[in-house]
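Visitor: Here is my input, please return the structure:
(one chain, ligands or ions: 2)
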Amino acid sequence: MDTDWQDDEKLRKLTFPRLFITDFTLEDNLAPIENRDEFTYGAPQADIGLLERLPFDLMNNILSPFDLVTLTAFRQVNRRAKELVDGLFQFNAIISYAPNALRGLIAVGLGKSFTCAPLYKALCSSFKCSFCDEFGGYIYLITCERVCFLCFTKRIVLQPMEPDQARGLFRLPRSLVDTLPYMTAVGGRYGKNAELINAGTGLIDARLVMDLAISHWGSLEAVYAILSETDRRIPRYFLRTKVPPSPGRVRQFLLWESTEVKGRSPNRFAAVVKAPWYDSESGRVYRGFHCSACLDSPNPNYCRIQFTPETFEKHLKVFGEVRYGRHEPPDGVEEPTGEIE
Ligand SMILES: [Zn+2]
Ligand SMILES: [Zn+2]
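Guide: Numbering: from 1, shown residues only. Ligands and ions are numbered 1, 2, ... in the order given. Here you go, the predicted model:
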């Protein structure tokens, strides 16, 4: 069942279910698929040979640890194999509610790195973004984490780095950087400005790059020293702010300032696909909804935030109740900036 939290009349008036803005993500660059409804699969005509003798439970146990590439290849053997793979509850939920996450993982070369389990977990363990309490309407494929729009466009750790960038910035040898797992971007247009990413561009999780740099140079302080030499903005920033550079602050600043103009890197969009939350207990699917008053906000990101009834109540408390289609900020409270550190 596909539903939104739209049973409530107040919510129906103040919110809307879909945003008519295209932020080009991986799913907008995947090859189009034929309409499944046009296909009707008859009963299997052939079996799967000796494997047919195995009891169903054992067959499940054999198929579950298969990586996504192997599993989908086996599924294509014949209709009986398809029937067996589709019978796996995790695969079934993924193909029913987040097929683009599966297609995306395979398209960016990560299909061999994941089984169904981590993707299923991202699909149904919680509606919350892995980095904040908002509804997370996307899956960051490099690590199979559920994320929200504001986090994946702003958080430093969710900006995938290209190998050359990692090597140049942290002065790491190619042989070391090449040991890190990476995704291979699908060529196309990405992000709010539809910027081009060439097919085959390698993208590595920023957290892995930073950890590699720290282990290679011995400490975060050593990494800071290296970066201070290569990028003069870094020491200048800390002199200007007069804030002692704590390890966490340095780590954030280095990745932030050195790799992109804030939040605009198309690399961020190449690693995510939209995904609803599948509540496996009730069998219902939730996509979150948007605040209609925030459509006119000067901050173009506010209207992209997805809500549940609970998080929307909190939103109204912070931004103010909606009157005549606009938020009326509570007395003495300034509109939050929505900036993420
Ligand atoms: Zn978030
Ligand atoms: Zn709002």
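
Visitor: going forward, measure contacts and count neighbours with C-alpha atoms only.
Guide: Noted.

Visitor: Return the distance of Y224 relative to ligand 1.
Guide: Y224 sits 27 Å away from ligand 1, going by Cα to the ion, to the nearest Å.

Visitor: meant to ask about A73
Guide: If you measure A73 against ligand 1 using Cα to the ion, the figure is 34 Å.

Visitor: and that residue, helix, strand or coil?
Guide: Classification of A73 into helix, strand or coil gives helix, according to DSSP: H, G, I helix; E, B strand; the rest coil.

Visitor: again with L102
Guide: At L102, secondary structure determined by three-state DSSP is helix.

Visitor: Please apply the same query to D57.
Guide: Counting by three-state DSSP, the three-state call for D57 is helix.

Visitor: which residues does it contact?
Guide: Residues in contact with D57, defined by Cα atoms under 8 Å, 6 or more residues apart in numbering, are absent; none qualify.

Visitor: How about the residues of the chain by ligand 1?
Guide: For the chain, the residues in contact with ligand 1 (Cα under 5 Å from the ion) are C129, F131, C132, C148, C151.

Visitor: ok, now with 8 Å
Guide: The chain has residues 128-136, 147-152 near ligand 1, with proximity defined as Cα under 8 Å from the ion.

Visitor: Out of those residues, list just those in strands.
Guide: In strands, defined here by DSSP state E, the members of the residues of the chain next to ligand 1 are V147.

Visitor: Give the ChimeraX command for selecting the buried subset of the residues of the chain next to ligand 1.
Guide: Command for ChimeraX, covering only those of the residues of the chain next to ligand 1 found buried under the criterion 16 or more other Cα atoms under 10 Å:
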select :128,129,130,134,135,136,147,148,149,150,151,152
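
Visitor: In helices only, show me the residues of the chain next to ligand 1.
Guide: F149, L150, C151, F152 (DSSP state H).

Visitor: what ranges do the strands span in the stretch 101-250 of the chain?
Guide: 138-140, 145-147, 183-184, 188-190, 195-197, 202-203 (DSSP state E, counting those that start in this stretch).

Visitor: Run through who's touching the fourth one.
Guide: When contacts are taken as Cα under 8 Å, 6+ apart, the neighbours of strand 188-190 outside the stretch itself are 23-26, 29, 195-199, 266-267, 269-270.

Visitor: Pull up the pairing partners for that strand, direction included.
Guide: According to DSSP bridges, strand 188-190 has the following sheet partners: strand 195-197 (antiparallel).

Visitor: who are the neighbours in contact with I305?
Guide: Contacts for I305 (Cα under 8 Å, 6+ apart) come out as E134, F135, C148, F149, L150, F289, H290, C291.

Visitor: List just the nearest of the residues you listed to ligand 1.
Guide: Proximity of the contacts of I305 to ligand 1 (Cα to the ion) peaks at C148, which lies at 4.2 Å.

Visitor: Read off the pLDDT value for the residue nearest to the closest one when sequence neighbours are not counted.
Guide: Counting by Cα to Cα, 6 or more residues apart in numbering, C148 lies nearest to G136, which is 3.9 Å off, once chain neighbours are set aside. At G136, the pLDDT value in this model is 96.

Visitor: got it, and the one 4 residues further on?
Guide: According to the per-residue confidence, Y140 scores 97 in pLDDT.

Visitor: Nearest spatial neighbour of it, chain-adjacent residues omitted?
Guide: V272 (4.6 Å).

Visitor: Going through the contacts of strand 188-190, which ones are buried?
Guide: When neighbours are counted using 16+ other Cα under 10 Å, those contain these buried positions: D23, F24, T25, L26, N29, I197, P266, N267, F269, A270.

Visitor: Columns secondary structure and distance to R207 on top of the residues you listed, output as CSV?
Guide: Output for those, formatted as CSV (DSSP: H, G, I helix; E, B strand; the rest coil; distance: Cα to Cα, whole Å):
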residue, secondary structure, distance to R207
D23, coil, 24
F24, strand, 24
T25, coil, 21
L26, helix, 21
N29, helix, 25
I197, strand, 21
P266, helix, 18
N267, helix, 15
F269, helix, 17
A270, helix, 17
